[in-house]
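Peer 1: below are the sequence and a predicted model for it; my questions follow.
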Amino acid sequence: MTHLIVRIDLGDAGRIGPGKMLLLEKIAEHGSISAAGRAMGLPYRHAWELVEQLNRAFREPLVARQTGGRNGGGAALTPFGEALLAEMVGIRMDAERAVSRRLNAIDVALRRSEKDTAEASVRSASGDYRKAPGGKR
């Protein structure tokens with residue numbers, strides 16, 4: 001299925017794309033960098049390095065960590081991190097809405113199996129190019 005990938009270039013501070021956004025969402029969901037990494041199939045060290053990159057890039061940290069302790073520590077988005085993630089999700093949603101008709105035209109024009117063609121036709125008729133069979137995106 002055709003879809004848009006939004007990546008925000010932060011100049012010298014790097015960039016934020018779907019992977020880092022998903023990591024932030026998973027940290028908010030799981031309350032842990034390691035659990036978020038596991039949910040994404042990332043080694044803890046890589047997830048931790050991505051969080052460090054994000055925290056260094058902005059004037060305030062996006063993720064607050066609590067090390068060790070009886071409950072084994074954890075992590076959460078800071079209020080600043082929650083607000084910034086909401087802005088990035090909003091940008092992605094706005095961009096998807098803005099190009100949905102054009103993406104659908106590209107999607108319909110792709111060469112595919114008969115099954116894929118039928119599913120794309122159903123999505124086209126419903127106006128929802130993002131919804132895959134079974135309600136998954």
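Peer 2: Looks like it came in fine.

Peer 1: make it CA atoms for all contacts and neighbour counts henceforth
Peer 2: Fine.

Peer 1: and Pro43, how many residues sit next to it?
Peer 2: Pro43 has 13 neighbouring residues, counting by other C-alpha atoms under 10 Å.

Peer 1: what helix or strand is the nearest residue to it once chain neighbours are set aside on?
Peer 2: The shortest distance from Pro43 to any non-neighbouring residue, by C-alpha to C-alpha, 6 or more residues apart in numbering, is to Gly37 (6.1 Å). Using DSSP states H and E, Gly37 sits within helix 33-40.

Peer 1: in that helix, what counts as buried?
Peer 2: Ile33, Ser34, Ala35, Ala36, Gly37 (16 or more other C-alpha atoms under 10 Å).

Peer 1: with stretch 48-55 instead?
Peer 2: For stretch 48-55, using 16+ other C-alpha under 10 Å, the buried residues are Trp48, Leu50, Val51, Gln53, Leu54, Asn55.

Peer 1: longest single helix anywhere in the protein?
Peer 2: Ranked by residue count and defined by DSSP state H, the top helix of the chain is helix 79-109.
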